[in-house]
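K.L.:
Pasted the sequence and its predicted model underneath.
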Amino acid sequence: MISYASFSFFLLFFGITALLYSMVPQKIRWVVLLLGSYAFYFVSSKGNIIPFIVITLIVWGSGLLIQKMNDTMKLKRKQASSKEEKKSIRAKYNQYKRRILALGAVLVVLILLFCKYINFFIGTLNLIPALNIKELSVIQPLGISFFVLEGISYIADVYYGKIEAEKNPLKISLFLSFMLTVVEGPIARYEQLGKQLCTCKYNNLEDVSKGYVRTCWGLFKKVVIADRAVLLVSGVFDNYESYSGLPVACAILFYTLQLYCEFSGVMDIMCGLGRMLGIELPENFKQPFFAKSINEFWQRWHISLGTFLRDYIFYPVSLSKGIKNISAKTKEKFNQYYASLIPTSIALFFVWFTNGFWHGSGWKYIVYGLYYYFLMMLGLFFKPLTDKLCNKLKINTESKGFGYFAVFRTFIIVNFGMLIFRADNLKVAFHMFASLFRWGDISALIPGAENSIEINFYDYAVILIGFIAILIVGILKERKIDIIEKIYRLPFALKFVLYLAAIFVIIIIGAYGEGYGVVDLIYANF
């Protein structure tokens, strides 16, 4: 695919689209965005757009049918003469709507399962000795995991009456294919993004200026830091049997840094470019490594995925009749805390299973999701005991010291999760975890030493400086200091110098050219 950090994307796709977008009348700006997005998607996916078109039509058609049921129900309820008749009409049409919602969501998910997971299912079935099913040659559509969730959220929001269905299929297509969200998200709602893309308000100099700063910050994180960290990460993970101890620990830490800088960096680029067009994209990161618990970490990391799972899986499951029945029965046998925990744990299982399964077609991704589920449930189950222990030992859980401990604890837990996420499979993950507790050859981390990883002192220095910069920016954001706003308020001459310096820093010390390979976007595979 065409990388969001490449010159070809900035010049050929976004650049031309933004230029035309600023020249045409407001009422047809959405057409420019649609054509630019389709061109980008067609080239990046190498023409594999049939699944996307089919999903778009299903989403559009499902929304229209549900909207028709909504309108008919309202009309008939107005004409009804009694409360009983109105109640009967509501029940009848809600049943129709549920069927349409279920059919639309199932069809979209089936396309996702076939395109992305069919060979995973075949491989799992082939574990049965008598079976020998051949794998299929299926090309996974670019960004399918992202626009499928956006499509489901659109159908569900029409069902719940949060939005009215869009009659124009091309505008639904723009919402799903928008070039700044289609590959890596964020997973936007139609209410958040779709309406903006349709109205296309005029941008101004402030939007362009602040968008430029954020785009440069994202490029710095991606091109300068993440694409350097990958040298050590790939060196160890691709030859995991040769390393143990400190080199493995460093590889895990560097992968966490790489993934964060790449994913959040791309989100900064997308939000910055969107701001330059006058379009506000939903935030996807909020200083996740300042989190004091796993739950808080996932409220700060990949926020759009977390809110989707909360709104469209956790709430529907926890409010379903089956869960309500379980909740009623548990209240008769357990105290209030554990009675509420049991139904919650069932709903959370579906959330975390889906989280892991969404990320990829392999058992390691399912284990990755359930890893967090198990630890979260463990914490919730023992919370009454840990609270009593803290009170008995007079540990102030609101103190700064305990807060620092909680942040460090969460950071360690997340890094073990990153090991599962990055390893080729579960066997490799378990091998590398065990190797952490064996003494390793520390010299492997030193450039020029025998069996050393292909990373030099210059790369180490740039990564360290970059890490310090990210840490400082993160602390300032935690203190509610808007750095971009402060830069915008600087005198024009100083601001202009900073703008030039930012782009030159990226060009001069970016990790590309001789010694650096092209690094594909990690989340583009999902």
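P.N.:
That came in fine, so what should we check first? Residues are numbered from 1 along each chain as shown.
K.L.:
In this structure Phe421 contacts Gly356, no?
P.N.:
No: under the criterion of Cβ atoms under 8 Å, Phe421 is not in contact with Gly356, lying 9.4 Å apart. Quick note: C-beta positions are derived from backbone N, CA and C, even for glycine.
K.L.:
Identify the contacts common to the two.
P.N.:
Overlap between the contact sets of Phe421 and Gly356, as judged by Cβ atoms under 8 Å, 6 or more residues apart in numbering, is given by Tyr365, Tyr368.
K.L.:
which SS state does the residue sitting furthest away from the middle of the chain fall under?
P.N.:
Distance from the centre of the chain peaks at Ser81, with 49.0 Å (Cα atoms, centre = their mean). Taken by DSSP: H, G, I helix; E, B strand; the rest coil, the conformation at Ser81 corresponds to coil.
K.L.:
quick one, what contacts it?
P.N.:
Remark: with contacts taken as Cβ under 8 Å, 6+ apart, Ser81 is in contact with nothing.
K.L.:
next one: Asn119
P.N.:
Contact criterion Cβ under 8 Å, 6+ apart gives Glu135, Leu136, Val138, Ser361 as the residues in contact with Asn119.
K.L.:
How confident was the prediction at it?
P.N.:
According to the per-residue confidence, Asn119 scores 89 in pLDDT.
K.L.:
Distance of it relative to Ser137?
P.N.:
Distance, Asn119 to Ser137, by Cβ to Cβ, to the nearest Å: 9 Å.
K.L.:
can you check Ile346 too?
P.N.:
Counting by Cβ to Cβ, the gap between Ile346 and Ser137 amounts to 38 Å.
K.L.:
Phe382 now?
P.N.:
In this view, Phe382 and Ser137 are 48 Å apart by Cβ to Cβ.
K.L.:
Looking at these two, which is more packed in?
P.N.:
The residue with more neighbours, out of Phe382 and Ser137 and counting by other Cβ atoms under 10 Å, is Phe382; that gives 11 against 6.
K.L.:
Quick check: phi and psi at that one.
P.N.:
Main-chain dihedrals, Phe382, degrees, to the nearest 10: phi -90, psi 10.
K.L.:
go on, Phe285?
P.N.:
For Phe285, the backbone dihedrals (degrees, to the nearest 10) come out as phi -140, psi 150.
K.L.:
which ones are touching it?
P.N.:
Tyr260, Phe263, Ser264, Met267, Arg300, Trp301, His302, Ile303.
K.L.:
Spit out the contact partners of the fifth one.
P.N.:
When contacts are counted by Cβ under 8 Å, 6+ apart, Arg300 is found next to Phe285, Lys286, Gln287, Pro288, Phe290, Ala291.
K.L.:
In a markdown table: those, plus pLDDT and distance to Gly143.
P.N.:
As requested, the contacts of Arg300 are exported to a markdown table (pLDDT from 0 to 100; distance: Cβ to Cβ, whole Å):
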| residue | pLDDT | distance to Gly143 |
| --- | --- | --- |
| Phe285 | 96 | 19 |
| Lys286 | 96 | 23 |
| Gln287 | 96 | 26 |
| Pro288 | 97 | 23 |
| Phe290 | 96 | 29 |
| Ala291 | 96 | 27 |
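K.L.:
Nearest the geometric middle of the protein, what residue?
P.N.:
His302 (4.0 Å).
K.L.:
Distance check, that residue against Val266.
P.N.:
Taken as Cβ to Cβ, the spacing of His302 relative to Val266 amounts to 12 Å.
K.L.:
what do those two both touch?
P.N.:
Joint contacts of His302 and Val266 (Cβ under 8 Å, 6+ apart) do not exist.
K.L.:
all strands for this protein, in order.
P.N.:
Taking DSSP state E as the test, none of the chain falls into strands.
K.L.:
on that earlier part again, between which two of the contacts of Asn119 is the distance greatest?
P.N.:
The two members of those with the most space between them (Cβ to Cβ) are Leu136 and Ser361, at 12.4 Å.
K.L.:
who's more crowded, the two?
P.N.:
Ser361 (19 against 9).
K.L.:
Which residue lies closest in space to the more buried one, excluding its sequence neighbours?
P.N.:
Nearest in space to Ser361, with sequence neighbours left out and distances taken as Cβ to Cβ, 6 or more residues apart in numbering, is Phe120 at 3.7 Å.
K.L.:
now do Gly218
P.N.:
Asp268 (2.9 Å).
K.L.:
Quick check: the one you found touching Val213?
P.N.:
No: between Asp268 and Val213 there is no contact under Cβ under 8 Å: 9.7 Å.
K.L.:
Neighbour count: the two, which is higher?
P.N.:
Shown here are Asp268 and Val213; by other Cβ under 10 Å, Asp268 has more neighbours (24 against 21).
K.L.:
Could I get the pLDDT score of the residue farthest from the centre of the chain?
P.N.:
In the prediction, the pLDDT value recorded for Ser81 is 78.
K.L.:
For it, give its distance to Ile133.
P.N.:
Summarising the geometry, the distance separating Ser81 from Ile133, computed by Cβ to Cβ, is 60 Å.
K.L.:
With Ser8 instead?
P.N.:
The spacing between Ser8 and Ile133, counted by Cβ to Cβ, is 40 Å.
K.L.:
same question, Glu398
P.N.:
When Cβ to Cβ is the yardstick, Glu398 and Ile133 sit 57 Å from each other.
K.L.:
do Leu309 as well
P.N.:
Remark: distance between Leu309 and Ile133 (Cβ to Cβ) = 31 Å.
K.L.:
Show me which of those two is the more surrounded one.
P.N.:
Neighbour count, other Cβ under 10 Å: between Leu309 and Ile133, Leu309 has more, with 22 against 12.
K.L.:
Spatially nearest residue to the more buried one (excluding sequence neighbours)?
P.N.:
Spatial nearest neighbour of Leu309, excluding adjacent residues (Cβ to Cβ, 6+ apart): Val351 at 4.8 Å.
K.L.:
what do you get for Pro51?
P.N.:
In space, Pro51 comes closest to Pro141 once its chain neighbours are excluded; the distance is 4.4 Å by Cβ to Cβ, 6+ apart.
K.L.:
just to revisit the earlier point, for the contacts of Phe285, could you give me a markdown table that also reports distance to Gly466 and pLDDT?
P.N.:
Supplementary listing: these in a markdown table, determined by distance: Cβ to Cβ, whole Å; pLDDT from 0 to 100:
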| residue | distance to Gly466 | pLDDT |
| --- | --- | --- |
| Tyr260 | 11 | 97 |
| Phe263 | 15 | 95 |
| Ser264 | 13 | 96 |
| Met267 | 17 | 96 |
| Arg300 | 20 | 96 |
| Trp301 | 19 | 97 |
| His302 | 21 | 95 |
| Ile303 | 23 | 96 |
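K.L.:
Out of those, who's the most crowded?
P.N.:
If you count neighbours using other Cβ under 10 Å, the busiest of the contacts of Phe285 is Met267, which has 29 neighbours.
K.L.:
List the contacts of that one.
P.N.:
Glu184, Gly185, Pro186, Gly218, Glu283, Asn284, Phe285.
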